[in-house]
Every structure is written in structure tokens, then in C-alpha cells.
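Visitor: Dropping the sequence and predicted coords here.
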Amino acid sequence: MPVTGTPLDEGSALDELAGEFERALLSLNRPQIKRLIARAAGRLTPLEIAERIVGRALDRIGAGWQGGAIALSQVYMSGRMCEELMEELLPPGDGRRKEQPAMAIATLDDYHLLGKRLVTSVLRATGYDLRDYGRATVDEAVRRSLDDRIRVLMISTLMLPSALRVRDVARKLKAASAGVTLVVGGAPFLFDPNLWREVEADAMGRSASEAVDLVEAILGEMR
Amino acid sequence: MSRGAMTSLQRVLTTLGHREPDRVPLFLLPTMHGARELGLSIRDYFSRAEHVAEGQLRLREKFGHDCLYSFFYAPVEIEAWGGEVVYAADGPPNSGIPLISSPERIPRLAPPEIEKTPCLVKVLAATKMMKARAGDDCPIIGVVMSPFSLPVMQMGFDRYLDLMAEQPELFAALMRINEAFCVAWANAQLNAGATAICYFDPVSSPTIVPRETYLRFGFAVAKRTLARIKGPTATHLASGRSLPILGDIARTGTAVVGVSSLEDLGEVKGACRGKLTVLGNLNGIEMRSWTPHRAEAAVRRAIAQAGPGGGFILSDNHGEIPGQVPDDVLLAVAEAVRRWGRYPVERIAADET
């Protein structure tokens, strides 16, 4: 199905393509994923593919996970495949990538890295780039954010003590007047929807794909 | 059986038979609170079997719940395999750098010999001490990580998902090794005095893998493993959702399922009625900031939703109460069970409290 015609037809065709792409991701059908992207590439720029095909599909998959209809393993594999795909279409450092302030992601004293990996994949697959601080202590996360002039710091947590330690990061960043927006996510924040405010974060993402919406909102406020 | 003055064990066995005991049993599962009770750091507390046995007995005396919990911390099995355990002052010990650095190492893995592994011997010693002091009136709950879920700590979550999707032979080899260990570890705890084994299997939850993947892997592993465990088992999804697979879990041979606060307890109970006893589902993370009044409301609501007819044990939704939950909240939970859990329990609309 070619992506051509009037704007209305085009929108509808893109919706259909994004739907097919989502189904291919969930069934881990790599050949079909490549075919669909090749079809889109005839009409859309790499950044448009990131936003209108990949981003839309990952957003729906993230919403499905939040609602309990889609499993985390599917979110992970979808994000990973899209990240690989976009690294071919839009390599890191490519001038056609989105203009954005410096962003970074870390876990706090925690070897459970899946959440960080999910967010990284989804953001990279939708055209953003971010630094990966890996497993960091509170002081390391703060120091590296200041050194790198980070504007958006994301912290992914699995364990409650790590989530509670976010407060130390928030206070140290504020004390340094660094202007860093602190975004948190992970299981403790899902089970206690007030926790992100309690630890003085600026925002909370309920899924990896919600990170994209949050980043877009934060960037909108910065402009 | 008369409803008057049941022991904890009688109460639990009655509800497992899908009949109504004297009151709803309460499985309060605090682990780190034992350290606070004894005035020890978490590391010191878990360093000796005597501490954990004493801590559990004191906690039961304080809260009056219906089990003792011989669980130390999740990565005790990782420690047994030679992996790293990271201690924190304010949380449970956590697994460190994954011990399987590359999937190619899987065929060379050998499960630990239980009797030669100090951290496992310590758990068995604590179990024996609890049994010697509590006798037959109170169930002692031992814990194993399911062979299907242990690899999250053995090799890291992302690499495990990659293995499951892309390297079926190495995945099958890991399951064989883990199954052998899991069965031996469960049976050793039963021999030491555990009444039942809690089989923690969060990866089987539809929160983590789709039902088709569960049926292909987690379900098959559970069926093989549970059949070789020589005692009753409870499957716990550690906060993960359960509704789409409750019928499947019932076919694995387990008696109990630990369910999430993310799901409606009444709906879960409806799907489990007559097949599985429901264990859950108080939100342990939120419990940190509950007032005693809110604790009572949550207990009352859970009992009204899942208590009628038996087949229900009130507990938290994760299988471990965070150390940050204050004692007055746990006391309020226990008191509310005594107040609202006496059969026949009230039936209230889910949104009434």
C-alpha cells in the first residue's frame, strides 16, 4: 500500500501503516518491520518515520502495557528493534536528529537496568539522544549532570530504597541551581502515585513511551 | 471443623479447603522489621539464623499473624550460586553484578550443593529453630525463586529476555539446571520444617510475558518443578498481574496464588473460586504512608471482596513488606483482620469503603 494521495488519505494510510508496524513489533516479525519501514521511507524523512510510525506504534504499545494488555517483554523487544532500526536510519550525531537540550538517564545504586534500557530505546527510536550514566550513586548522578550541563535527568528505579534516594538527587541539584528537570519512573512510582512528589521529582513517567511525551512537554516549556 | 478457637494452621488449612474458618487468615510478611525488633542492622540481622528465627517469632507475637516466614532475601539463591549480594541500610539485600556474564557460560553452570553452601544452610537452620519453637500450630512458609524467574538475577533482565527470544537451546539448558536446584532447595526447606513453599514467579505474570510465552515456558517449568516438590506450594507473582493466567496457574498443581494490588480482588476471587486460594493484595508501597484508619479501610474492603466462602488469605501484594512501613500500620492491619475478618464476613460493594 503506497503512502500517497490527498492529506486525508495520507493520514489514514499512515495510521494503517503504524498499526501494521505495531503488530509486526509485537509478533517480533523482523522481515515485516523492515518492509514496512522501507515502504514509509519512500515518502517520509527518517525523523518523520521516527515520529509518525515508530513513535506512534511505541506509544500504543506503552499504553497497552499500562492497561495490562501487553507484556513488558513485548515492550522491551519492540523498543530494542526500533532502536536498532533508527540507528540505521538516523545514526547518533546525525544532523537530522531532533534539536534537544542535553538529557541523561541513570539508576541509583541498583543493578536492575531493564527500565533504563526501555526508556533509552524508546527515546532513541523516536529521534532523541541521551547519555547513559548506568548505575550511579546519588553524588555521581548529580556531579555528572552538572559536568555535562544536563537539562533533563531521568532516574529509573525498581527498588523502593532507590526511589526514596531520588530526593537526595533532587535536593542536591536544586542546591546547585542547575536548572535540571528530574523525571522518575519504575515500579515504586507505579504502586504509589504520590511518591514522585514525595521525593521532589518534577515529573513521573508511567511507561517508557510516556517518557517521550514528558520530554516533548518539557522541551515545549523550555522553548 | 468448629469455628471456635482455631490455631493458625487449622485456620489456613480450612481456607485452603475453600471453606470458612473462624476468621480470615493473615500472612503478614515482614522481613526487615525483624532487624528493627532486635536492634540490628539489616546486614547483621541476616548474618545469623538465630536472629531471623528470633525476629520472626517476635514479630508474630507482636502482630498475631498466622505464619512464620523463613525467607531471608531474594538474592540468597544468587549468593548460593556464587553471585554478589549488595546490602543497603534501608532496604532488602539486592542482587549485584549478574553472575552469568555471557549465555555461553550456561552449559558449564552447576547448581550449588545445598549442604555445602553457608547461606542456604543458614536459612535451613533458621527454619529448624522456628519449627522447634512454634511447633505445629503455625505454618512456616519457605521460599524458592522459580527456575523461570531466577535468571533475572542470574544474568540481568534484558539479557534474559534476549535469551528467551533468541537462544532456545541455552534457555532450555538454563531451565534444566535451575529446575534441579529449585526442587532440591524446596525439599530441603520442607525437610527442615517448612510447612509450605512459596514459589516466587514474577516473570510468569502477564505483566512481564504474554500468556503464550507463559504457556510455552513458565507454565511448563512450573508443572515439572512443582510436581517434584514434596509439599504444598503457593505461586506468587510478586506484584505482577494474574487474571489472564489464573486458570493456567491452577493447572500447575499449586494451591495458592499471590496477586497484585493492580487488579480487582473481587474479580480475582471469582476466577479462583474453588480452584486456588487467593493471597493478597494490600499495596505494600502505599502502606508506608497509610494511617491506621486507612489500613483498616483497606483490610475491610479486601476481606469483603475476597473473604466470603474461604479460599482467601490476607497479605500484601509483593511477598515482602517494605521496611519503611511503620509498626502502627501493621498493628492496625492485624487488628482490622480480627475485627472485620471474623466469619461470616460482611459483603460490601467494592466502592463502599
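Guide: On my side now, so go ahead.
Visitor: can you list the residues of the stretch 151-300 of chain B near chain A?
Guide: For the stretch 151-300 of chain B, the residues in contact with chain A (Cβ under 8 Å from any Cβ of the partner chain) are B:156-158, B:161, B:164-165, B:206-210, B:213, B:239, B:241, B:243, B:261-263, B:283-286, B:288-289. Every residue, glycine included, has its C-beta placed from N, CA and C.
Visitor: just the helices in chain A please.
Guide: Taking DSSP state H to define them, one finds helices in chain A at A:7-26, A:30-41, A:46-48, A:55-67, A:72-89, A:114-125, A:138-147, A:160-175, A:187-191, A:195-198, A:208-222.
Visitor: okay, these, which one's buried deepest?
Guide: Across the helices of chain A, the average number of neighbours (mean count of other Cβ atoms under 10 Å in any protein chain shown) peaks for helix A:114-125, which reaches a mean of 26.
Visitor: where does the chain have its least confident helix or strand?
Guide: The chain I'm using is chain A. The weakest-scoring helix or strand in chain A, judged by mean pLDDT, DSSP states H and E, is helix A:7-26 (a mean of 84).
Visitor: let's do chain B instead
Guide: Quick look at chain B via mean pLDDT, DSSP H and E: least confident is strand B:94-95, a mean of 92.
Visitor: That one pairs with which strands, and in what direction?
Guide: The strands beside strand B:94-95 in its sheet (DSSP bridges) come out as strand B:85-86 (antiparallel).
Visitor: Can you tell me what sits against the strand it pairs with?
Guide: A:109, A:111, B:73, B:75, B:76, B:78, B:79, B:93, B:94, B:95, B:96 (Cβ atoms under 8 Å, 6 or more residues apart in numbering or on different chains).
Visitor: isn't the fifth one right next to residue B:126, touching?
Guide: No - the pair residue B:76 / residue B:126 is not scored as a contact, 11.0 Å apart, by Cβ atoms under 8 Å.
Visitor: Between these two, which has more neighbouring residues?
Guide: Each of residue B:76 and residue B:126 has its neighbours counted (other Cβ atoms under 10 Å in any protein chain shown); residue B:126 has more, 27 against 21.
Visitor: separation between that one and residue B:10?
Guide: 24 Å (Cβ to Cβ, to the nearest Å).
Visitor: Number of residues surrounding residue B:291?
Guide: By other Cβ under 10 Å, neighbour count at residue B:291 equals 11.
Visitor: Could you tell me which ranges of chain A sit under the pLDDT cut-off?
Guide: A:1-10 (pLDDT under 70).
Visitor: Which pair of the contacts of strand B:85-86 spans the longest distance?
Guide: Spatial extent of these (Cβ to Cβ) is set by the pair A:109 and B:76 at 19.5 Å.
Visitor: Which residues of chain A lie near chain B?
Guide: Checking chain A against chain B by Cβ under 8 Å from any Cβ, the hits are A:28, A:68, A:70-74, A:76-77, A:109-114, A:117, A:159-162, A:164, A:187-188, A:191-192, A:194-195, A:198.
Visitor: now the residue in the stretch 201-350 of chain B that chain A sits nearest to, nearest residue through space, not along the chain?
Guide: Of all residues in the stretch 201-350 of chain B, residue B:285 sits closest to chain A, at 3.9 Å by Cβ to the nearest Cβ. Setting aside the residues directly before and after it, residue B:285 is nearest to residue A:191 in space (Cβ to Cβ, 6 or more residues apart in numbering or on different chains), at 3.9 Å.
Visitor: Next: residue A:164.
Guide: Closest to residue A:164 by Cβ to Cβ, 6+ apart is residue A:199, at 6.3 Å.
Visitor: Got phi/psi on that neighbour?
Guide: Main-chain torsions, residue A:199, degrees, to the nearest 10: phi -90, psi 10.
Visitor: thinking it is in contact with residue A:163, fair?
Guide: Yes - using Cβ under 8 Å, residue A:199 and residue A:163 qualify as a contacting pair, with a distance of 6.5 Å.
Visitor: give me the number of residues near the residue nearest to residue A:164?
Guide: Residue A:199: 23 surrounding residues under other Cβ under 10 Å.
Visitor: residues contacting it?
Guide: Residue A:199 makes contact with A:163, A:164, A:166, A:167, A:170, A:184, according to Cβ under 8 Å, 6+ apart.
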